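Asks: Kindly generate the corresponding structure for this input.
(one chain, ligands or ions: 1)
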Amino acid sequence: MDAPPRFLMTDPSAFDVSYRINPWMDPGAWTADCAAAATAASGELRAALQGLGARVETIEAVRGLPDLVFPANAAVVLDGRVLLARFRHPERQGEETVFRAVFARLKARGVVSELVDLPEGVLQEGAGDAIWDAGRGWFWAGFGPRSNRASLGVIRKTFGQEVVGLELVSERFYHLDTCFCPLSGGQVLYHPDAFTPAALAEIRARLAPGDRIEATAEEAAAFCVNAVNLGETLVMARAPESLRGKLQAHGYSLVEVDLAPFIRSGGAAYCMTLRLDRTSAARPAILAAE
Ligand code: ARG
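Replies: Numbers count the residues shown, from 1 in each chain. So this is what the prediction gives:
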């Protein structure tokens, strides 16, 4: 039997919206009720992943670092190698040392094998902007609003894998994981308005028409593209009916969790987690058989 998928999550007890580094964030609208709802929502997401057979490692909250609940931004992880993130905004830079210590502990336990630092001046916000496409065997890497273009070459060199750069144009979809999600059957769910014309051309050149599932502005604003895909199941925030139908037509089923408190910060299921066990060797049978 395959080893269970393994994810990192963060205890949400220090989560809030107390600054604004993306247009979804409104510190004035954050209340104690939001905090209570966040605790429940994070627990539901963890339970949903565990219900699908995943193992979840939960790290402690740190006061003053509310966005630590988005570990997808902590690093890019493949084949046990961890490329540690560097954040664009000072509000999140304090997370870097916390996550470094977390990964050092995971390394001591043998969960990951190697930590790698970005060169000076390179900004890269982890798996939020570098998504491994297991079926195709390359990274799709977002840049522009957060990670910079220089990060593409660093990812390529660090992991020895092809990197397809996709420039993001929208303030609302500032990390690639908000607007782009490769699925196990080879399709990609993506929101076209988030990309430059060059990036869109790249997506369309690399994906057969039948593999392109476009998410509408409404579906992307519901943070449903920010989904965790395990086999034929997608774990995501509450989905508009339109999206449910589209994904079911391709054979996927949805597990929906009310992640409203996290959407107030501009994140949802995918970025509340970080997959730790991805390997470049694993290709889903459906594609490997082609
Ligand atoms: N408030 C966080 C930020 O703006 C949300 C990050 C969500 N992460 C993601 N990979 N989409 O940085």
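
Asks: Per-residue pLDDT of the closest residue to V188 other than its chain neighbours, please?
Replies: Closest residue to V188 apart from its sequence neighbours, by Cβ to Cβ, 6 or more residues apart in numbering: P182 at 5.0 Å. Heads up, the C-betas are built off the backbone N, CA and C, glycines and all. Predicted confidence (pLDDT) for P182: 98.

Asks: my read: P182 touches W138, true?
Replies: No - the pair P182 / W138 is not scored as a contact, 9.9 Å apart, by Cβ atoms under 8 Å.

Asks: rewinding a little: show the backbone phi and psi for the residue nearest to V188.
Replies: For P182, the backbone dihedrals (degrees, to the nearest 10) come out as phi -70, psi 140.

Asks: Can you report how many residues lie near it?
Replies: Neighbourhood size, P182 [other Cβ atoms under 10 Å]: 21.

Asks: list the contacts for it?
Replies: Neighbour list for P182: 131, 133-136, 140, 188, 229 [criterion: Cβ atoms under 8 Å, 6 or more residues apart in numbering].

Asks: list the contacts for the closest residue to the ligand within the stretch 101-250 of the chain?
Replies: The stretch 101-250 of the chain approaches the ligand most closely through G128 (2.7 Å), counting by Cβ to the nearest ligand atom. By Cβ under 8 Å, 6+ apart, G128 lies in contact with 70, 72-73, 142, 146, 175-177, 270-271.

Asks: quick one: T273 from the ligand, how far?
Replies: Counting by Cβ to the nearest ligand atom, to the nearest Å, the separation of T273 from the ligand is 10 Å.

Asks: what about the longest helix in the chain?
Replies: Secondary structure of the chain per DSSP state H: the longest helix is helix 32-51.

Asks: what sits up against that helix?
Replies: Contacts with helix 32-51, where a contact means Cβ under 8 Å, 6+ apart, come from 5, 7, 9, 11-13, 15-17, 56, 58, 69, 228, 230, 235, 255, 257-262, 264, 269, 272-273.
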